[in-house]
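Novice: sequence first, predicted coordinates after that:
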Amino acid sequence: MSNIFRKISRIGRLSGPTKWYLSEDCLLAAKQMMYSVEYRRFYLRDLESIVVWPSRTWLLRPIIPGVFLIGLGSLLWHWVNFTAGAIVGGTGLAWMTLELALGPTAESRIRTMGTAVDLPLVKRTRRAGKVLAKIDAAVRTNRVSVVERTTTPAVSPQPAEPAAQSSSETASAPSPIEDLT
């Protein structure tokens, strides 16, 4: 069994990026923290579920900086000059438009047989479908190969079957004993 890891996702955070890799038998999360890397391995045979949902506070990403920059742009428009206000206000409007176009940020939970872990799998929920489809395909192929290995019959000699009874032997066979009490 070859353990070639393919990168399926990367999430950049202030605390450090997390990269997700997929192989034939496991899902690996490599979280970089300064100069060290923390690895988390999830075996595909042990996965119960992976759930991705939109973050509750995702609207704060476009609203807070967008409103701040638009407000600062309007102040610069009136007090400094038109060009500075238009640049800062346009940047705020572009920020809000881009964040709303990218969609909600995502949170995720990976549940295995023994535990549930909250780790970021994707940055945005719209990308979750692609990543989960790759993981689902790997889980299905892993489980099919495990089932094929366990259900492959071993070649063993089979005992000889008794000869079929003739109709005269079946007629003279005693009837089952009934409880007479």
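Specialist: Thanks, I have it. Since the structure is predicted, the reported quantities are computational estimates derived from the model, not experimental observations.

Novice: please identify the buried residues of the longest helix anywhere in the chain?
Specialist: What stands out as the longest helix in the chain, according to DSSP state H, is helix 128-151. The neighbour-count check on helix 128-151 (16 or more other Cβ atoms under 10 Å) flags 128, 131, 132, 134, 135, 138, 139, 142 as buried. In short, each C-beta sits where N, CA and C put it, glycine included.

Novice: do I have it right that the fifth one meets residue 21?
Specialist: No. Between residue 135 and residue 21 there is no contact, the gap being 11.2 Å when judged by Cβ atoms under 8 Å.

Novice: any residues in contact with both of these two?
Specialist: 8, 27 (Cβ atoms under 8 Å, 6 or more residues apart in numbering).

Novice: show me the residues around residue 10 that make contact.
Specialist: Contacts of residue 10 by Cβ under 8 Å, 6+ apart are 17, 18, 19, 20.

Novice: the helix or strand hosting it vs helix 128-151, what angle?
Specialist: Using DSSP states H and E, residue 10 falls within strand 6-11. Between the axes of strand 6-11 and helix 128-151, defined by axes from the mean of the first three to the mean of the last three Cα atoms, to 10 degrees, the angle is 140 degrees.

Novice: adjacent strands (with direction) for the next helix or strand after strand 6-11?
Specialist: Going down the chain from strand 6-11, the next helix or strand is strand 18-22, by DSSP H and E. Applying DSSP bridges, strand 18-22 is found paired with strand 6-11 (antiparallel), strand 26-33 (antiparallel).

Novice: may I have stretch 108-117 as CSV, with CA atoms only?
Specialist: What follows is stretch 108-117 as a C-alpha-only set of coordinates in CSV (Å, rounded to 0.1, in the frame of the first residue of the first chain):
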residue,chain,number,x,y,z
SER,A,108,-15.6,22.1,10.8
ARG,A,109,-15.7,19.1,13.1
ILE,A,110,-14.1,15.7,12.4
ARG,A,111,-15.6,12.8,14.3
THR,A,112,-13.8,9.5,14.5
MET,A,113,-14.6,6.4,16.5
GLY,A,114,-12.9,7.7,19.7
THR,A,115,-13.1,11.5,19.5
ALA,A,116,-14.4,14.7,17.9
VAL,A,117,-12.0,17.4,16.9
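
Novice: which residues of this protein fall in helices?
Specialist: Along the chain, counting by DSSP H, helices occupy 60-79, 82-102, 128-151, 167-171.
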